[in-house]
Structures are given as structure tokens and as C-alpha cells.
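A.B. asks: Here's a sequence, model it:
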Amino acid sequence: MFSLKAIRFSTNRRVLAEAGESVQRFLDSGVAELGDKLGPILWQFAPTKKFDPADFEGFLKVLPEKQDGVRLRHALEVRHDSFVVPDFVALARKYGVAVVYAHHATYPEIADVTGDFVYARLQRGSEDSENCYPEDELDGWAARAKEWAAGGQPHDLPRADPSVAAAKQPRDVFVYFITAGKPRAPFGAMALQGRVDS
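C.D. replies: Sure thing, here's the model as predicted:
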């Protein structure tokens, strides 16, 4: 299964509701050829993009549920602190899209489960660590991945709206290791997968 990163031309704009044409151009580029191998599509927003409910809902309205008969799953990576509010996660739930959980040094961490899958980007790894993250931290991420997959929400991760619990249902979980040079990231992914499988 392949997760795709959408073009930033769709998300790096002042008025997000005007992104419809560029979103469709990206989706028309052949993404549906992956069929059932198509994983989530990541829509990444600039760190300077602030949360405006009407503006952001305008963007969510242009994200289609299908492309050429293939179901689409959308993941939103926001990187401004103004998104850490209940209104944002409520909008994501309304449209059935996932909020990306980013384990990052400066970007906000939003672990609210808002879709039928979970998308996490682990970005605090080190090239000095054989498996990107220390072994005990990998143990922790494996436990969280299992909890997400079983339909739960880890209680040790920050949420924008702790008062709302996601529906308890099994979910696909996508966890990615992202580091500056990336040489140890594949080892982190394999080490995590080994823990999850055991």
C-alpha cells in the first residue's frame, strides 16, 4: 500500500476554498491507478497557515471521497498552533479525514482520532540511533500503534479536544519515520513493525 503526498500548490494558498482545480488536477494525474494499493493522501500545510474555520471547511469540501471509483482517504498535516482547538478536530470528524499526529520538535501535536485510520509522522529520530528512535521509545510507539489499531486512543498523547472520544472501532494505522538525513528512518520502521507483529 502506498501513501501519497499531495502537491503543495493545493495547500499553500491564501484562500483554501479556491484549491478545487489544483486538487482535482493532482487526483487526475493517475493516483487511482493504484487501486486497492492506494493508501492515505497527505495534505501538508505551511507552518504559517493559521486556522480559520470557514476557510478550512472550504478546503475540506473540495476533497472528493472517490477518484475514478477508488475510495480516497485524506490526512491533514497542520503545523500552526492555532489548529490546536476543538473546532478544528470537529471539522475533521465531520468530513471523515484524519488529523496527522506529528511527533515534532516545534509543530503542534494533535492526537485526536478523527477518521477511520490513523496517520502518524515520527520526526524526532536521530541519525546517531541505530533504529532512529531509542529502543524504549520504539516500545512505546508500538504500544500506541496497537492501541490505535484496536480502536483506542493513547492517553499519553496531547489532544485538541480531550472531551470527545473517537468511536471504538478497528483502524488502519500508518506510522512514518521522518528525519533530516533519513539514513536511519527505514531501520526505525522495520524495528517498529517487528514490535507490532510480535
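A.B. asks: How about the contacts made by Gln24?
C.D. replies: Residues near Gln24 by C-beta atoms under 8 Å, 6 or more residues apart in numbering: 62, 64. For the C-beta atoms, the positions are set from N, CA and C on the backbone; glycine is no exception.
A.B. asks: following the one helix or strand it maps to, which helix or strand comes up?
C.D. replies: Following DSSP states H and E, one finds Gln24 within helix 20-27. Next in sequence after helix 20-27, counting helices and strands by DSSP H and E, comes strand 38-44.
A.B. asks: now for that next one, which elements pack on it?
C.D. replies: strand 2-5, strand 74-77, strand 117-122 (3 or more C-beta pairs under 8 Å, 6 or more residues apart in numbering; DSSP states H and E).
A.B. asks: starting at the chain centroid, how far to the helix or strand following the last one?
C.D. replies: On the C-terminal side of strand 117-122, the nearest following helix or strand under DSSP H and E is helix 135-149. Its chain's average C-alpha position is 17 Å from that of helix 135-149, according to C-alpha atoms, centre = their mean, to the nearest Å.
A.B. asks: Name the residues of helix 135-149 that come out as buried.
C.D. replies: 137-138, 141-142, 144-145, 147-148 (16 or more other C-beta atoms under 10 Å).
A.B. asks: Low-confidence regions, this protein specifically.
C.D. replies: 181 (pLDDT under 70).
A.B. asks: ok, now how distant is the residue in it sticking out farthest from the centre from Phe117?
C.D. replies: Residue distances from the centre of the chain (C-alpha atoms, centre = their mean) peak at Asp128, which lies 25.9 Å from the mean C-alpha position. Distance from Asp128 to Phe117, counting by C-beta to C-beta, to the nearest Å: 32 Å.
A.B. asks: any idea which residue sits dead centre in the chain?
C.D. replies: Val100 (2.7 Å).
A.B. asks: show me what contacts the residue lying closest to that one once chain neighbours are set aside?
C.D. replies: Once flanking residues are discounted, Val100 sits nearest to Glu77: 3.9 Å by C-beta to C-beta, 6 or more residues apart in numbering. Glu77 is in contact with 42-45, 100, 102, 121, counting by C-beta under 8 Å, 6+ apart.
A.B. asks: Now distance to Thr179 too, for the helices and strands packed on strand 38-44, in CSV please.
C.D. replies: CSV is the format used below for the helices and strands packed on strand 38-44 (distance: least, C-beta to C-beta, whole Å):
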stretch, distance to Thr179
strand 2-5, 16
strand 74-77, 16
strand 117-122, 9
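A.B. asks: closest to Leu34 out of those strands?
C.D. replies: The closest of the helices and strands packed on strand 38-44 to Leu34 is strand 2-5. By C-beta to C-beta, the value is 5.9 Å.
A.B. asks: So for the closest one, what gets flagged as buried?
C.D. replies: Residues of strand 2-5 classed as buried: Leu4 (neighbour count, 16+ other C-beta under 10 Å).
A.B. asks: Give me the contacts around that strand.
C.D. replies: 31, 34, 37-42, 44, 75, 119, 174, 176.
A.B. asks: Buried subset of these as a PyMOL selection?
C.D. replies: Applying 16+ other C-beta under 10 Å to the contacts of strand 2-5, the buried members can be selected in PyMOL as follows:
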select buried, resi 31+38+39+40+41+42+44+75+119+174
